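K.L.:
A predicted structure for the sequence below; I have some questions about it.
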Amino acid sequence: MGADAKHDEPPRWLDDPSNVRRLLRAFWVVCALIVLVDVLALVGVYDKHGHFRWEEWFGFHAFYGFLACVALVEAAKLLRRVIMRPIDYYEREGEP
Amino acid sequence: MTLTPQVPALVVLVPLLAGVVIGLVRHAGLAWLLASLASVTTFALTLALAARVQAEGVVIYAMGGWAAPTGIELRVDALNALVLALVAGMAAVIVPTSRASVAREVPADRHDQFYALVLLCVAGMLGVTATGDAFNLYVLIEISSLTAYALVALGRSRDRRALTASFQYLIMGSIGASFLLVGLGYLFLATGTLNMADMAVRLADLHGSTTVRTGVAFVIVGLSLKMALFPVHQWMADAYTYAPTSVTALMASTATKVGVYITIRFVYTIFGHELSFVIMPTDAFLLAFACLAIVVGSLQAIRQHDVRRLLAYSSVAQIGYLVLGLALGSALGLSGTLVHLLNHALVKGALFLAVGAVVYRQGGATMHELTGIARRMPLTAAAIAVGGLGLIGVPLTGGFVSKWYLVAGALEAGLWPVAVVVLVGSLLAVAYVLRLLQVVYFGEPGTVAPEPAGEAPASFWAPALLLLLGSVALGVSGQLTGGLIAAAAGALAGGAP
Amino acid sequence: MISGLNPGFLLMAGALLIPLLPRLLRQGWLVALPLLSAAQLLTLDRGDRGEVTLAGVTLHTLFVDDLSFTFALVFHLALLLGSIFALKVEDATQHVSAVLYGGAAIAACLARDLVTLFICWEVVAVASAFLIWAQRTPRAYQTGMRYLAWQILSGLLLLAGILALVVERGGPAKLTGPLVFEALPLDGAAGWLILLAFGIKAAFPALHTWLSDAYPEATPTGAVFLSGFTSKLAVYALARAFAGQEVLVYVGAAMAIFPIFFAVIENDLRRVLAYSLINQVGFMVVGVGIGGLGVSGAAAHAFAHVIYKGLLFMSTGAVLFRTGTADANQLGGLYRTMPFTAVCCMIGAASISAFPLFSGFAAKSLIMVAVAEDHRPGVWFLLLFAAAGVFHHAGIKVPFFAFFGHDSGKRPPEAPWNMCLAMGLAAALCIGIGCYPPVLYAILPGPITADYAVYTAAHVITQLQLLLFSALAFCVLMLSGRYPPELTSTNLDVDWLWRRPGRVVWRELTGPIAANFGRLQALLLEGLPAAVSRAVMRPLRVDGLAARFWAMRTSVLVTVVLLLAYLLVGAVHAAR
Amino acid sequence: MSLLATGLFNLLNYWVYVSLMMIGLYAVIAKTNLVKKVIGLSLFQTGIFIFYISMGVVSGATTPITWTDAERLRLGLSRVEVAPERAAAALAAVEEDGLDAARAALGPLAPADAARLDELLARPYTNPLPHVLILTAIVVSVSTMAVALAIVMEIKAAYGTIESDEIVTAELETARAARS
């Protein structure tokens, strides 16, 4: 099982913070590109054939996805204040 | 003179005489041998009798050649042929295989007495079932009960509480029988006969005079005690817990069933539909307590630590089902009762045999001693598992068929709450059975119990599995339910829809 | 092979052989059994029927159509993959219960009449509970009991519904043919009872706690089976009986939404997966509620879901098996020594998030299209929110916290070969279905055809926008430190209601009755008028203990009371 | 008042039976001494015996022994004033033609004597069946007592007491000891 062998192993590519930064930078670029693809739809290269009118808006899915996740996390943090209990909550007092 | 016409009498006489003879032999091995022979012979006789009933209809045998109503007659129809075969069959399975557990649980100098008592008890139960005479019924009930008290008391070498349990059983049993006696007295007063068939005819003409109604009340309450119907069930829990395990196996599978049989006989054959259900509110009375029995019995079972006690309380609930079916007053309900009667006898007998195996190996049968036995005693564990599923009424066991009938019967009668009680009872049964299985297979959480030395002798698990096979056959084959049971239920419910 | 035989019965019979086989043979049998059964399934034709007579009751045990075939097929896949994953488990009880469980689920979705369905429904309930108890901890025991109580309640409701149906159709006597399991109207008690029964198994909101409570407590291999069968069987049953019922659309939307909030703050990764399972089933329920294309979408989604959710539970199971924990805050950096598991986990994550080229994409878009075509903007918005959310927690959180993130220093070996094999196969299926959806579409029920075009530019681009920006949100929140830390905790759910106040009430109400019936009797007796009590009852009192002699006294007294009551009632009855 | 008196005295046996049963039941319920409980049970059953015996009673009946007409007539004649030769004629007639002929041969009697004789000749006998039954029930009851007392003796040997509350205490102590 989890033998702690940190010191003997060769360093991994991901262990290098600069590589992580590089990875993130690539990710920003990809995100920017995927929104910009919508320009093609605006100029009529492909058809969005959305069922709702807001689906045709520029970058709608991207912004909705971003906002949804931020809202989700912030709401969950609020939820945590209400429902978080110690791990043995039910065992501790619930038992007769 | 061939013996064929004498079969109805022999069914009772063989175990009775064998019991007397065994009481004289004073040799444990010989006693066991004779008892086994007698019980197997009796079983064969009951089967022959059942075949004859199926071929010829009601078989009537006048004791000593005195015709009824002067003489005492044995009267065997489809219903009691079934119960006779059940009682003798359980004895034929349990008595021959009981040697190891008796050797462990009963003092050596009492073995001959033990087997003699067992056979007398069986003879009493068979007699009760076969007789067509009401007073004879009382006497035979007392023969089987008196021997049963003594058999329970024999558990004292393992636990002295068997004595107090036996004493309680004796007091309650005697009061029950006395109530029955009083009730029969009133019925005799009103009808002037003790022959059941005669009594039925004359009661029909009396339209429930005060005397008759008093008699009915005494009989029903007395029988409730005898079959351990809630709320007069306490004696059973104690007696089953402390009696020697083979005695418990035998009694749990036969004694209360015979009680239910007598109740059916009285309510349907003797009192008849009008007196039982129209003039007297027997159905409401029995239904109410049957429902309570199912719920409270199961709840009490859930909380038990000793498995024999758990099974005893489960029996309280199961008797609730039996009574519920007969109180519905319809062919469907009665079919349910009869299938359940057979199924529960098989399953409970098997479960108590399996528990006997645990007692044999572990010295006790609390949850602690059952912890994780599946690893070393897989066959015993399997018997407990299958038996438990049979108690719940899982499909493929007879329990499913009987509960199906009961629920259908309740719905047919428009009694929604009763159907719900049956279902809730099954839910509670799931709880106590799975708790048991959880302990048997995975061990009680957080405890370590002594590991058993190994599987118990075959004489424990083999008969248990045999009985369970019977229960499964009951659940799978339509033969039995279509044959004797339907005939019996149909004939009894008679005019009722 | 055998005409009219429900393959589920083959599996259930085969399960009983397992404990009797020696180790190697058992492993072979575990793999061969689902294959044999699948072969039986594939030889059956659409419209095939089968009957079995049990104790005089004829059960209509088999009916094959596109809907039942789809579910039966994917259940076989799940059973096969799960069996391979669990091949090295020594505990025969787990194998027996897993195969019984899968077999019963398969038998249930091929059942033609409601009675057969009910029987299999109960076997599913009981067999699956053992996969939780097999963890053999006090906690697992308690959880298993709660789980089972819900499952049995579902069975009882189903039975009650069936009985109500019999009554609605004129009683047992008027019943001529079989009680065919078909579309049921929601206009009487029967329909609602059955819907509720299915709803429990499908983890409808507020009826869902058994799932999030129990799956994380199951054995590492048991959770794989659990994730496959129960809730999907419920989806099948809903699709069969209640397709197109408006109410399911709203229930499904709620199901898709609420669990993701719990998933974000949950630390136990298997519980995160359990919540996302509810969320995914929510999508399916919406599809069923819309009907038509929605049912196709639900079936497709269930098919894909069984495989990728199995894969996710397998990878977290492998982690749990190797490290002994599935808590996010104790894991991290495992990609170093468990690279294969990490890759498989990410494939599963990509599938559940519906990345193009993964199976979820081929399935989920059907449901989204069905919602849109049914003109339900509100539901559409909610589902889109849920789709973003599920990527956020199941797609990113699970692989990230287990295999990357903060290095826990744990260096467990790669999962055993059989686990890797099972995960590899599941991953291959996820990609296979994602890359070539027509194989899936070909078997689906409903109006969908194999040439349905799911890979349009618009679909792919909008989906990528949604997912990548969800990921962006995760990155931004993590980098800015606004992401909630992983904390070991119990998060309350609606089950708090019955595990805390409900439990107290129950104990107060039933405890005295059940544990000490004798005390109740004492209470009743002492409640009698004081004079009577003093004169007659004093000898009855023993120090509050339901001791034997005391019980005997009360029994005798109760007998007398019974007699009097019966006589009195009889007299009143006769007087009327 | 007279109604009450009739109820009380005509049904006296039944009142006794009910009282005995109640006393017996009370003893079973209330007594802590096990032997007293057994005595209570015995009383209870004795009550039932009286019930059975009472129900066989027919007022003014003879013992249920089979008499021939001649024997019955001879008994009757011995109780009334009648001339010996008429008695002889009657006895001869009863041998030939039965009771009715004998009664005719006897001729007129004093009214009191006639009524007396008629009653004696027609006298029913008590129903013997309940008495026979109760003999059996008594045997059963005796056996029950025997078993009960045997169990009480065993309890005395095992617990050293036959007081139920002391037995309960002993059991509780055993249970407590086992727990600790």
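P.N.:
All right, it came through fine. Residues are numbered from 1 along each chain as shown, chains lettered A, B, ... in the order given.
K.L.:
for chain D, where's the lowest mean pLDDT among helices and strands?
P.N.:
Ranking every helix and strand in chain D by mean pLDDT, DSSP states H and E puts helix D:2-10 at the bottom, with a mean of 68.
K.L.:
which strands or helices does the helix or strand that that one is followed by pack on?
P.N.:
Toward the C-terminus, helix D:2-10 is succeeded by helix D:12-30 as the next helix or strand (DSSP states H and E). Contacts defined by 3 or more Cβ pairs under 8 Å, 6 or more residues apart in numbering or on different chains; DSSP states H and E place helix D:12-30 against helix B:161-191, helix C:548-575, helix D:34-56. The way it works is simple: take the backbone N, C-alpha and C, and place the C-beta from them, glycine included.
K.L.:
so the helix or strand following the first one, near chain C or not?
P.N.:
Think helix B:161-191. Remark: after helix B:161-191, the chain's next helix or strand is helix B:196-206, criterion DSSP H and E. No. Between helix B:196-206 and chain C, judged by Cβ under 8 Å from any Cβ of the partner chain, nothing touches; the nearest distance is 12.3 Å.
K.L.:
how much space between B:His344 and B:Ser246?
P.N.:
B:His344 is 18 Å from B:Ser246, where distance means Cβ to Cβ, to the nearest Å.
K.L.:
wait, C:Leu384 touches A:Phe63, no?
P.N.:
No. C:Leu384 lies out of contact with A:Phe63 (Cβ atoms under 8 Å); the separation is 11.7 Å.
K.L.:
most tightly surrounded among the helices and strands packed on helix D:12-30?
P.N.:
helix B:161-191 (a mean of 25; mean count of other Cβ atoms under 10 Å in any protein chain shown).
K.L.:
now that one, how far from the chain's geometric center?
P.N.:
Helix B:161-191 sits 17 Å away from the centroid of its parent chain (Cα atoms, centre = their mean, to the nearest Å).
K.L.:
tally of neighbours for C:Ser3?
P.N.:
By the measure other Cβ atoms under 10 Å in any protein chain shown, the count of residues near C:Ser3 is 12.
K.L.:
what does D:Ala105 give?
P.N.:
D:Ala105 has 18 nearby residues by other Cβ under 10 Å.
K.L.:
any idea of the pLDDT on it?
P.N.:
Looking at D:Ala105, its pLDDT reads 75.
K.L.:
what does chain D put close to chain C?
P.N.:
Contact residues (Cβ under 8 Å from any Cβ) of chain D with chain C: D:25-26, D:28-32, D:164-165, D:167-168, D:171-172.
K.L.:
higher neighbour count, C:Leu384 and A:Phe63?
P.N.:
C:Leu384 (21 against 15).
K.L.:
in which helix or strand would I find the more buried one?
P.N.:
helix C:377-390.
K.L.:
residue contacts, the residue most central in space within chain A?
P.N.:
Centroid-nearest residue in chain A: A:Cys69, 7.1 Å away (criterion: Cα atoms, centre = their mean). Going by Cβ atoms under 8 Å, 6 or more residues apart in numbering or on different chains, A:Cys69 touches C:Ala388, C:Gly389, C:His392, C:Phe469, C:Ser470, C:Ala473, C:Phe474, C:Leu477.
K.L.:
and B:Arg308, by the same measure?
P.N.:
By Cβ under 8 Å, 6+ apart, the contact list for B:Arg308 reads B:Tyr240, B:Thr241, B:Thr245, B:Thr248, B:Phe352, B:Val355, B:Ala365.
K.L.:
quick check, pLDDT for it.
P.N.:
89.
K.L.:
from chain C, how far out is B:Ala92?
P.N.:
24 Å (Cβ to the nearest Cβ, to the nearest Å).
K.L.:
for B:Gly57, same thing?
P.N.:
B:Gly57 sits 23 Å away from chain C, going by Cβ to the nearest Cβ.
K.L.:
now swap in B:Ala228 and tell me
P.N.:
Counting by Cβ to the nearest Cβ, the gap from B:Ala228 to chain C is 10 Å.
K.L.:
go on, B:Gly64?
P.N.:
As judged by Cβ to the nearest Cβ, B:Gly64 and chain C stand 36 Å apart.
K.L.:
tally of neighbours for that residue?
P.N.:
Per other Cβ under 10 Å, the neighbour tally for B:Gly64 reads 7.
K.L.:
apart from its neighbours in sequence, what residue is nearest it?
P.N.:
Nearest non-adjacent residue to B:Gly64, counting by Cβ to Cβ, 6 or more residues apart in numbering or on different chains: B:Gly71, 6.3 Å away.
K.L.:
SS state for the one you found?
P.N.:
Secondary structure assignment for B:Gly71 (DSSP: H, G, I helix; E, B strand; the rest coil): coil.
K.L.:
tell me the pLDDT at it?
P.N.:
Confidence score, pLDDT, at B:Gly71: 74.
K.L.:
where does chain C dip in pLDDT?
P.N.:
Within chain C, the segments meeting pLDDT under 70 span C:1, C:54-57, C:171-176, C:450, C:509-551, C:576.
K.L.:
which stretches in it count as strands?
P.N.:
C:49-54, C:57-63, C:490-491 (DSSP state E).
K.L.:
picking up where we left off before, which of the contacts of B:Arg308 fall in helices?
P.N.:
If you go by DSSP state H, the contacts of B:Arg308 have B:Tyr240, B:Thr241, B:Thr245, B:Thr248, B:Phe352, B:Val355 in helices.
K.L.:
please tell me how far the last one sits from chain D.
P.N.:
It stands for B:Val355. In this view, B:Val355 and chain D are 20 Å apart by Cβ to the nearest Cβ.
K.L.:
mind checking how far that residue is from B:Arg161?
P.N.:
Between B:Val355 and B:Arg161 the computed distance is 17 Å (Cβ to Cβ).
K.L.:
point out where chain A drops to low pLDDT.
P.N.:
A:1-9, A:48, A:92-96.
K.L.:
please parse it into its domains.
P.N.:
Domain segmentation of chain A under automatic domain parsing yields A:1-47, A:51-96.
K.L.:
lowest-scoring secondary structure element of chain B by mean pLDDT?
P.N.:
helix B:478-480 (a mean of 60).
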